[in-house]
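J.: What follows is a predicted protein model with its sequence.
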Amino acid sequence: MAATSASMVFYIFSWLSLVVLTSLLKYLINKTRTNPRIQTPPSPPSLPIIGHLHLIGSSVIPKSFQALAKLYGPLIQLRLGASTFILVSNAQVAKQVLKTNEINFINRPHIGSTSEYNLYEGCDFVFAPYGPYWRFMKKLCMNELLSSSQLGRFMHVREQEIKKLLKSLMVCSSEGRECDLGFELTTLTNNILCRTAMSTTCVDKDKNSNDDAVEIHGLVKEFLELGAKFSIGDVLGPLGKLDLFGYGKRLLKTLTRFDQIVERIMEEHEKKNDNEGETWDMMDVLLQVYRDPNAQVRLTRNHIKAFFRDIFLAGTDSSSVSVQWTMAEILNHPTVLKRLRAEIDAVVGSTRLVNESDFPNLPYLQAVVKEAMRLHPTAPLSLREAAEDFSINGYNKHGPTRKILSLRDSWMIPLTMGYIPFGFGKRGCPGASLALTVINLTVAALIQCFDWRIKGGDRVNMEEGSSFSMGLAQPLNHMITYIHNFKKRKFHNMASSYDYKDYIQLFMIWLISTIIVRVILNRKQNKSHKKPPSPLSLPIIGHLHLLAPIPHQALHKLSIRYGPIMHIKLGSVPCVVASTPESAKEFLKTHESSFSNRPRNLAVDYLTYGSQDFSFAPYGPYWKFMKKICMSELLGGDTLNQLLPLRRQETERFLRSLLKRGMAGEAVDVGGELLRLSNNVISRMIMSKTHMEDDGEAEEVRKLVQDTAELTGKFNASDFIWFLKNWDLQGFRKRVEEIRNRFDSMMERVIKEHQEERMKRKKEGEDGEIKDLLDILLDIHEDDNSEIRLTRENIKAFILDIFIAGTDTSALTIEWSLAELINHPQVMERARQEIKTVVGNNRIVEESDIVNLPYLQAIVKETLRIHPTGPMTVRESSEDCTIWGYEIPAKTQLFVNIWAIGRDPNYWENPLEFKPERFLVEEESGKRQLDVRGQHLHMIPFGSGRRGCPGTSLALQVVEANLGAMVQCFEWKVSGGSSEIVDMEEKPGLTLSRACPMICVPLPRLSPFPSIRAIQVNDSMQVIYKMISYMETL
């Protein structure tokens, strides 16, 4: 151990000795070579190795240089480690450097050891040596990339992003909270830059942010951070190659990721059709030059990527920091604010937002911005490198020398060179016009639309930070408060009336012309194709006005007039309606292969992860695989039998709750209780978990199912009117995204818990337990030999299908059945007698009893005939076909009106009468019971054919068993009205819901639960008294 320590000390001492001796030897050689007749600029005393680094003590480097210039003059020589610099802090001297001797100082130095790790070494524009490539790129920038005509083409982009900024600030103002103005301004400038450069938005709060663009934003911040770091390569020369601080590796990693993203964006741009007529962004222009074999200079892909890196580095922070400094100065000078606002109001007025065409008439605005940039240049130092020996102000310099040009105190001499925030000469910033436009427009909009108040004082703290772009030391949001009682200066009026008149006129001309053309084309097509009968339609909306208030009822009335097959247009979507068993058979059986798909819409796409579910998946290998899995494993007879104890437990839990509330004489919302029951049954079958155990999660699932059913059942104009396809006028997209995100986070949590429990069971050797549906799906997900590998999105989308299809429908069927039984006491009494005969009074009706309860089955069938929970089944044609001589084109939506078929007097005697006896087998006549599983087209509550509901068996077992138990155990008294008749009015929606909730008191008839029977015996007199009192009040 001691020997190792001695060796380390020896090596360290040897290395330090080598460094010191080398530095001294170099110093002596340089001293002997120095010509005493050559006068060099004045220089402060320096130290060995580090030179003058110890004099730069301030965290803000330009301030240190400014202090040195006051002591040693406007032209001084500094040695920062191994690099020699000349510091210029005077306008006259700067003129000699940047104008008189411009050719000698036209190159820029490569700074630091990190240049060794630059993927684009020698390919960028900013640091390219002066020569053919640099001159070509400069000309390309000034003539095409950043020309006034190109900037004019993207004026709408800048105006749109300014409006987004103002809306964001308005939200902060209305909510009375602070806003990070620095972040908002950085978002603004980044969005403008990204959209101008490559037509992508970096950060957008109203939409899902573009992941690539957001990552580019983060990478640019990393570039800036590395650029501002201390570089040991500039101090210790060759030792910089060791990358002691790891900056080179960080830069290489950052550049590699940047390269991958820009390469992907380039490939996407290359795939675009050049004749699309869209406005070309910078990427399009550079790719055109890249593909041009006759270009003066052939660009490589690295040239393009390096150019975009330069653009992002130069434009990311500079504009936003300039706006912040300008706003800070304006707030500290109220007279300037007052005069500036008066100028804007006089020129622009209060009915619209300021725009770029107003700038020539706003000289004071331009003066304010210029003054702020003079005092606070975002790039306080400009670097150049001498190509050969030079002489300035009588001072001579030989050998390679780097030059720093400080912009501090430049205004002391009022010359042209006294104001150079964007550099000067050939190497001046080519994007100055774009930067000034953005800065002026942003400052003007902020002053025009808002009043500002300084938080915690009368002045903004103007201390400078130490960042690369010299921003404020303290974020501006710490000192500015945006609150709702500020004057909004008619912002809403300005935003709504802002130059919209011309656009509205153009839009109306385009819309009317397009409609006329479509009408002409449709008429020509109609002449050559025979379509089914159709009511008179209106422009744009088609037959939408005929579907109110309840679509399936309205379509039934229309079919009486126009026939069993009818053609309608819902907006711009062609549809065909089948309203009889014969017409339904043609679509669902004879031409089933043409109508095996379901139509997709905005809600379906979002909620099912892009139709990765089962219900809306297109007919193909995946759908066939899932159908087979459903019928054989997920919803097959064996699985349902294994999960029977779970369903029985939930039924008993449900009945116990009703018994307790009935004994207390409480009224219950039957629909709500049934929804909770079916939700718990589905939850336990899917994930072996009842939501009664966790009220918070139970409420979350119920709310998700309710919100989804409500949203999918509502009319969304974007799904039907073609020119509104990309406009979310009703806010559907936002609401659907919110529901999907809630469901996704919940299911992700459940899946992870399930996977952990499965691993635990395997370790403990308990893998033989009964599997729920999620276990089966995870088995397929983890099976490498599966015919189709399920993704997590497939699993989550399938589970959502089960919840939506199984929760609401079963609960509604039981509710409609009970309502009909209450309105038909003789039917309920006959059902009770059947149950008593088969089951008795000592136990609850179970699913195994249903086969011996034909009248109970007939009640459920009759309910499904009159009140099908899915009143219409929807399909979409995948190809052109001919039905009954009518030509049905592809992409036509099919509506089979199940509700109308079940009430057709041609097939049902007294169709509006609730008569379960019609479904009983008449042995004498030999009639066969009608099947409800899709075989008989007279009654198809669960659909028919390949797309028929795979959960029919489960639904019937749950409905019949629970309805039987409710009839067996309770007398039902209607609450809240003078009549004991239940209102049977329907409500519009995706499922056939009741218009009014069914509130009833469940009066116990018997209790098969011993604990509750004991309570009944001991307190029988009290129970009877409560029943009598309640009935007297009725």
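T.: Sure thing, it's come through.

J.: can you give me the end-to-end distance of stretch 128-142?
T.: 17 Å (C-alpha to C-alpha, to the nearest Å).

J.: And that stretch, how far out from the chain middle?
T.: Shown here is stretch 128-142, whose average C-alpha point lies 40 Å from the average C-alpha point of the whole chain (C-alpha atoms, centre = their mean, to the nearest Å).

J.: Okay, buried residues for it please.
T.: 128, 130, 133-134, 136-138, 140-141 (16 or more other C-beta atoms under 10 Å). (C-beta placed from N, C-alpha, C; glycine too.)

J.: for these, which one is nearest S596?
T.: L140 (54.9 Å; C-beta to C-beta).

J.: Does the closest one touch Y290 like I think?
T.: No. At 11.5 Å, L140 does not count as touching Y290 under the criterion of C-beta atoms under 8 Å.

J.: what do the two both touch?
T.: Here L140 and Y290 share no contacting residue, scored by C-beta atoms under 8 Å, 6 or more residues apart in numbering.

J.: Just send the buried residues of stretch 128-142 back as CSV, with secondary structure, pLDDT and distance to N104 too.
T.: Converted to CSV, those look like this (DSSP: H, G, I helix; E, B strand; the rest coil; pLDDT from 0 to 100; distance: C-beta to C-beta, whole Å):
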residue, secondary structure, pLDDT, distance to N104
A128, coil, 79, 17
Y130, coil, 80, 10
Y133, helix, 85, 20
W134, helix, 81, 15
F136, helix, 86, 22
M137, helix, 85, 21
K138, helix, 84, 18
L140, helix, 85, 25
C141, helix, 84, 23
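
J.: among the residues you listed, which two are most distant?
T.: Of all pairs drawn from the buried residues of stretch 128-142, the greatest distance, 15.6 Å, lies between Y130 and L140 (C-beta to C-beta).

J.: What ranges does the stretch 651-800 of the chain have for its strands?
T.: Remark: strands assigned in the stretch 651-800 of the chain by DSSP state E, counting those that start in this stretch are 668-669.

J.: Can you pull out the low-pLDDT segments for it?
T.: Flagging of the stretch 651-800 of the chain using pLDDT under 70 yields the residue ranges 689-699, 766-769.

J.: and E388, what helix or strand is that in?
T.: Here E388 sits in a region with no helix or strand, counting by DSSP states H and E.

J.: just checking, it touches F105?
T.: No. At 10.1 Å, E388 does not count as touching F105 under the criterion of C-beta under 8 Å.

J.: With neighbour numbers in mind, choose between those two.
T.: Set side by side, E388 and F105 show unequal neighbour counts under other C-beta atoms under 10 Å, the larger going to F105 at 27 against 12.

J.: Report the contact partners of the more buried one.
T.: F105 makes contact with 97-98, 384-387, 390, 403 under the criterion C-beta under 8 Å, 6+ apart.

J.: list the contacts for A831?
T.: In this structure, A831 makes contact with 821, 855-856, 859, 964, 967, judged by C-beta under 8 Å, 6+ apart.

J.: can you check R733 too?
T.: 602, 606.

J.: ok, now how distant is it from A709?
T.: With distances defined as C-beta to C-beta, to the nearest Å, the gap from R733 to A709 amounts to 18 Å.

J.: who does the nearest residue to M566 once chain neighbours are set aside bridge with?
T.: Counting by C-beta to C-beta, 6 or more residues apart in numbering, the nearest residue to M566 once its immediate chain neighbours are dropped is V577, at 4.6 Å. Beta-bridge partners of V577, counted by DSSP bridges, are M566, F895.

J.: how much space between V577 and H591?
T.: Taking C-beta to C-beta as the criterion, V577 is separated from H591 by 15 Å.

J.: Please identify which of these two sits among more neighbours.
T.: With other C-beta under 10 Å as the criterion, V577 and H591 differ in neighbour count, and V577 comes out ahead with 27 against 18.

J.: I figured that one hits I568, correct?
T.: Yes. The criterion here is C-beta under 8 Å, and V577 meets it with I568 at 6.3 Å.

J.: contacting residues for T873?
T.: By C-beta under 8 Å, 6+ apart, the residues touching T873 are 895-896, 898, 940, 943-944, 947.

J.: quick one on the thing from earlier: out of the contacts of F105, the closest to I520 would be?
T.: Taking C-beta to C-beta as the measure, I520 sits nearest to L98 out of the contacts of F105, at 66.0 Å.

J.: In contact with the closest residue to F125 other than its chain neighbours, which residues are there?
T.: Across the structure, with C-beta to C-beta, 6+ apart as the measure, the residue nearest F125 apart from its sequence neighbours is M137 (4.6 Å). Listed by C-beta under 8 Å, 6+ apart, the contact partners of M137 are 125, 128, 297, 307.

J.: do the same with C141
T.: Contacts for C141 were tallied using C-beta under 8 Å, 6+ apart; they are 125, 430-431.

J.: how near is the closest residue to A128 other than its chain neighbours to K305?
T.: Distances taken as C-beta to C-beta, 6+ apart place W134 nearest to A128, at 4.5 Å, with adjacent residues excluded. For W134, the distance to K305 under the criterion C-beta to C-beta works out to 17 Å.

J.: which other residues reach stretch 610-623?
T.: Stretch 610-623 is touched from outside by 596-598, 600, 604-605, 608, 626-627, 630, 788, 791, 793-794, 797-798, 800-801, 805, 878, 946, with contacts defined as C-beta under 8 Å, 6+ apart.

J.: which of the residues in it are buried?
T.: When burial is assessed from 16+ other C-beta under 10 Å, stretch 610-623 yields the following buried residues: 611-617, 619, 622-623.

J.: Endpoint to endpoint, stretch 448-462 covers what distance?
T.: Looking at stretch 448-462, the gap from its leading to its trailing residue is 23 Å under the measure C-alpha to C-alpha.
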